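the sequence and its predicted three-dimensional model are supplied below.
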Amino acid sequence: MMEIIDNISHLLGDDLKKTIKEGSKLKIAASCFSIYAFEALQEQMESIESLEFIFTSPTFTPDEVTDKVRKERREFHIHKIERERSFYGTEFEIQLKNKLTQRAIAKECADWMRRKATFRSNRGKAPMQQFACVQEDDPKAVYMPLHGFTAVDLGYQQGDAVSNFVNKMNDSDTTTTYLKLFDQIWNDPEKLEDVTSRLCDHIASVYQENSPERIYFLMLYNIFTEFLEDINEDVLPNDLTGYQDSLIWQKLFNFQKDAATGIINKLETYSGCILADSVGLGKTFSALAVIKYYELRNRSVLVLCPKKIADNWLNYNRNLKTNIFAKDRFNYDVLCHTDLQRTSGESFGTPLNRINWGNYDLVVIDESHNFRNNDVYKDRETRYQKLMNSVIKEGVKTKVLMLSATPVNNRFNDLRNQLALAYEGDSENLSDKLNTQKSIDEIFRRAQATFNQWSDLPPDERTAEAILNALDFDFFELLDSVTIARSRKHIETFYDTKDIGDFPERRKPISIRCKLTHRSDVIGFNDIFTQLSLLKLAVYAPISYVFPSRLARYEDLYDTEVGGGRGTLRQVDREKSLQALMTTNLLKRLESSVESFRITLQKLKENHLGTLSKIQAFKQTGNDAGFADLASAFENAEPDEDDLPNLDDAMIGGKIKINLSDMDLPSWEYDLEADLEVIDFLLAEMHKITPEDDTKLQNIKTQIESKLASGQRQLHFPSSDNYTSLLFSCH
């Protein structure tokens with residue numbers, strides 16, 4: 001005879017209460033067991049002779065010690081955890097949990113289990129039917145299907161199932177058949193494993209007294225359990241390399257070691273990382289530790305940096321007295337950002353025409369924000385494109401570590417373009433490894449739109465909290481995956497800084513406004529600016545002097561469509577940009593020092609003299625070798641570049657050639673000579689100023705001597721009597 005239990009008007013729990021008698025044996029095969037089901041049937045459970053329970057899927061079975069939860073096993077493993085947690089109540093038994101009686105119920109259930117219950121678990125993934133059998137002298141009733149033994153399955157709590165029908169069968173043949181099936185499985189040690197003792201130990205953790213510390217660590221584990229499952233030895237630093245024995249590693253502070261470890265993890269996982277710690281937190285040393293790790297793994301490393309800081313890196317890979325890490329024998333190559341656009345010559349002794357760009361396993365890019373633009377031109381390859389195509393995409397698989405305190409200027413595209421170096425320009429390479437819902441391009445598009453909206457807010461509403469709340473979660477997931485960015489406040493808050501000491505106190509800047517010199521026979525700043533305004537810098541604008549009848553040829557060759565055909569970037573526009581850049585360069589050199597301004601003027605004079613000599617040679621011989629236009633070659637030059645462009649074609653690698661026969665040479669020659677006259681005048685004025693006459697230099701010396709005399713330290717390094725002054729100047 002079969003009876004349908006609908007768990008609405010007729011509840012499974014009520015039927016079991018009527019069916020179970022004193023001395024009954026209860027046999028259950030189900031996916032999970034809940035202490036709240038025990039509580040609901042506690043009187044009947046105390047009266048039975050025994051309970052034999054089979055977990056139909058692996059539950060409370062130990063993972064192998066060497067087991068790593070691989071992605072293909074993730075779904076199965078999560079279900080296993082959920083089945084084990086359901087012992088204390090499922091998500092649908094929340095009302096029972098809220099009564100805060102869990103501890104008392106667990107204690108009573110544990111005591112009962114030790115006396116009357118035996119639990120066994122399915123060893124493998126083979127599916128098993130789920131049912132319950134109540135047995136006295138003869139089988140009395142079978143209930144199926146039975147998803148779990150919980151308050152929800154008993155009908156006492158509402159679940160999420162559309163229906164929860166259970167069939168009750170009490171005819172002798174049917175009940176005997178199911179009982180034999182249960183006993184057959186129960187007695188097969190190859191299919192089942194006894195987990196009773198583990199379950200008893202497990203339940204004891206619910207009612208035992210736990211210290212606050214243990215509870216805290218349990219909370220951390222449950223919060224970060226999925227993150228911990230993602231970690232495997234393949235993406236963590238390999239201690240067998242001996243990198244922790246290196247001198248650079250031993251010299252790092254705790255927060256720098258954390259950065260180096262995190263960088264290696266991100267490089268191995270995503271092939272790229274941006275270290276964006278604040279200025280002064282030792283990004284170079286953290287990067288050196290990462291470099292040493294990869295060198296110990298026999299990897300080839302290239303450091304790309306601006307020319308002005310190349311000496312910082314060269315100091316550590318050479319046999320110099322100033323190399324404090326000489327013991328580590330660093331062997332990385334150092335090249336400048338500008339070397340990417342050079343096709344010949346040497347850079348720090350390396351012949352540029354023979355570099356095997358595609359053979360670097362790791363590229364460290366210092367000041368990586370210089371690669372925030374990825375504009376495309378038809379007539380040349382930019383620095384960014386050379387780096388992407390020749391270094392990263394070609395040859396061996398290349399990982400990219402980028403160092404920058406300011407990876408974003410005013411567009412999130414700045415960050416996207418730098419990250420693109422890590423995923424070789426194909427965002428799917430990174431998207432597949434991230435736990436995000438949207439593509440990389442969509443994440444940055446939304447972030448930029450959010451930033452634009454935030455920028456339009458009134459000042460009192462334009463707060464950091466406002467933009468953080470507005471940005472998409474996927475954006476933070478992306479940043480957390482591929483960037484490390486910490487401030488001094490972060491270090492002071494989350495790290496033990498007793499070995500570091502206090503960070504230097506930020507004092508109010510000393511502002512000194514002084515004249516160029518006290519000499520009355522030398523022009524001042526305003527007169528210098530007036531003279532610089534007279535410069536046409538015609539040496540950087542040859543296309544402007546091409547005859548109109550010949551100009552179309554050069555426009556066809558070198559003008560570039562931009563914005564999908566919406567506009568044209570003309571070569572003459574590039575030249576105007578270069579002229580403005582060089583004017584800015586001159587002003588910045590003047591801002592730096594008299595000597596710096598003097599050196600730059602001398603280089604500019606040499607450029608003009610070299611160009612005039614080419615014109616004279618053409619007039620005398622008629623041999624038109626062509627003239628290199630430098631505008632394109634220096635399109636990506638920054639205003640703070642130390643060196644002005646050199647007219648040596650071999651050094652520049654410029655591809656834009658202009659025939660001197662196509663140019664209005666008299667006009668160009670006239671403007672070049674006019675510029676040269678201004679340059680000569682400024683040089684003559686600067687040569688009058690000796691170090692003793694340099695008012696700015698003398699003021700700086702006075703300030704330093706005053707601080708040394710008073711014992712006032714600008715920066716103090718522990719266990720050292722060294723003093724360092726940081727000087728900033730502007731006009």
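Cool, got the structure.

which parts of the stretch 501-650 of the chain are helices?
525-534, 548-558, 571-592, 594-621, 649-652 (DSSP state H, counting those that start in this stretch).

skipping its backbone neighbours, what lies nearest Ala259 in space?
Ser286 (4.3 Å; C-beta to C-beta, 6 or more residues apart in numbering). (Glycine included, C-beta is placed from N, CA and C.)

next secondary structure after the one helix or strand in the chain whose mean pLDDT sits lowest?
None of the helices or strands of the chain scores lower by mean pLDDT, DSSP states H and E than helix 649-652, at a mean of 35. For helix 649-652, the following helix or strand on the C-terminal side (DSSP states H and E) is strand 657-658.

what average pLDDT does that next one get?
In this model, strand 657-658 carries a mean pLDDT of 78.

which strands and helices sit next to the helix or strand that that strand is followed by?
Per DSSP H and E, the first helix or strand lying C-terminal to strand 657-658 is helix 665-687. If you count contacts as 3 or more C-beta pairs under 8 Å, 6 or more residues apart in numbering; DSSP states H and E, helix 665-687 packs onto helix 525-534, helix 594-621.

just the buried residues of the first one, please?
So the one you mean is helix 525-534. Neighbour counts over helix 525-534 (16 or more other C-beta atoms under 10 Å) mark Ile528, Leu532 as buried.

ditto for stretch 254-268
Applying 16+ other C-beta under 10 Å to stretch 254-268 flags Phe255, Gln256, Asp258, Ala259, Ala260, Thr261, Gly262, Ile263, Ile264, Lys266, Leu267, Glu268 as buried.

tell me which helix or strand the first one sits in.
Assessed by DSSP H and E, Phe255 sits inside helix 254-270.

which residues sit in contact with Val396?
Contact analysis of Val396 by C-beta atoms under 8 Å, 6 or more residues apart in numbering lists Ser300, Gly358, Asn359, Tyr360, Asp361.

per-residue confidence for the residue nearest to Ala259?
pLDDT for Ser286: 95.

compute the inter-axis angle for the host helix or strand of it and helix 254-270.
Following DSSP H and E, one finds Ser286 within helix 283-296. On the basis of axes from the mean of the first three to the mean of the last three C-alpha atoms, to 10 degrees, helix 283-296 is oriented at 50 degrees to helix 254-270.

just how off-centre is helix 283-296 within its chain?
Centre-to-centre, helix 283-296 and its host chain are 17 Å apart (C-alpha atoms, centre = their mean, to the nearest Å).

quick check: which element contains Glu492?
Using DSSP H and E, Glu492 falls in helix 488-494.

mean confidence for that helix?
pLDDT averaged over helix 488-494 gives 89.

just the residues contacting that helix, thanks.
The contact list for helix 488-494 (C-beta under 8 Å, 6+ apart) reads Phe255, Ser278, Gly280, Leu281, Thr497, Ile500, Phe503.

and the fifth one, how far from Ser533?
Read that as Thr497. According to C-beta to C-beta, to the nearest Å, Thr497 and Ser533 sit 51 Å apart.

for the residue of the chain positioned farthest from its centre, helix, strand, or coil?
Using C-alpha atoms, centre = their mean, the residue of the chain lying farthest from its centre is Asp137. It sits 67.9 Å away. Per DSSP: H, G, I helix; E, B strand; the rest coil, the secondary structure class of Asp137 is coil.

coming back round to it: now the helix holding Glu492: buried residues?
In helix 488-494, counting by 16+ other C-beta under 10 Å, buried: Arg488, Ile491.

from the chain's centre, how far out does it sit?
Distance of helix 488-494 from its chain centroid, counting by C-alpha atoms, centre = their mean, is 19 Å.

same check, this time on stretch 129-136
55 Å.

mind listing what's buried in that stretch?
By neighbour count on 16+ other C-beta under 10 Å, the buried set for stretch 129-136 is Gln130, Phe131, Ala132, Cys133, Val134, Gln135.

can I see the domain layout of this protein?
Split into domains by automatic domain parsing, the chain comes to 2-226, 234-426+480-494, 504-518+691-731, 525-687.

now do the residue farthest from the centre of the chain, the pLDDT please.
pLDDT, read off for Asp137, is 74.

from Lys21, how far out is it?
Taken as C-beta to C-beta, the span from Asp137 to Lys21 is 11 Å.

Gln437: which of the contacts of helix 488-494 is nearest?
Ser278 (31.2 Å; C-beta to C-beta).

nearest spatial neighbour of that closest one, skipping sequence neighbours?
Ser487 (4.9 Å).

how many neighbours does that neighbour have?
Counted with other C-beta atoms under 10 Å, the neighbours of Ser487 add up to 11.

distance-wise, check it relative to Gly280.
From Ser487 to Gly280 the distance is 10 Å (C-beta to C-beta).

and the strands in the stretch 251-400 of the chain?
Here the stretch 251-400 of the chain has its strands, by DSSP state E, counting those that start in this stretch, at 272-275, 301-305, 333-336, 346-347, 350-351, 362-366, 399-403.

contacts for the fifth one?
Strand 350-351 is contacted from outside by Asp333, Leu335, Gly345, using C-beta under 8 Å, 6+ apart.

Ser661 reaches Asn623, doesn't it?
No - with contacts counted by C-beta atoms under 8 Å, Ser661 stays clear of Asn623, the gap being 10.4 Å.

more neighbours: those two, which one.
Legend: neighbour count by other C-beta under 10 Å for Ser661 and Asn623, higher for Ser661 (12 against 8).

skipping adjacent residues, who's closest to the more buried one in space?
Asp624 is the one closest to Ser661 (C-beta to C-beta, 6+ apart), at 5.0 Å.

tell me the pLDDT at the one you found?
So, for Asp624, pLDDT stands at 76.

tell me the helices and strands packed up against whichever helix or strand Leu181 is part of.
Assigned by DSSP H and E, Leu181 belongs to helix 172-186. Here helix 172-186 touches strand 25-30, strand 50-55, strand 131-135, strand 139-144, going by 3+ C-beta pairs under 8 Å, 6+ apart.

try 6 Å this time
Packing contacts for helix 172-186, counted by 3 or more C-beta pairs under 6 Å, 6 or more residues apart in numbering; DSSP states H and E, involve strand 131-135, strand 139-144.
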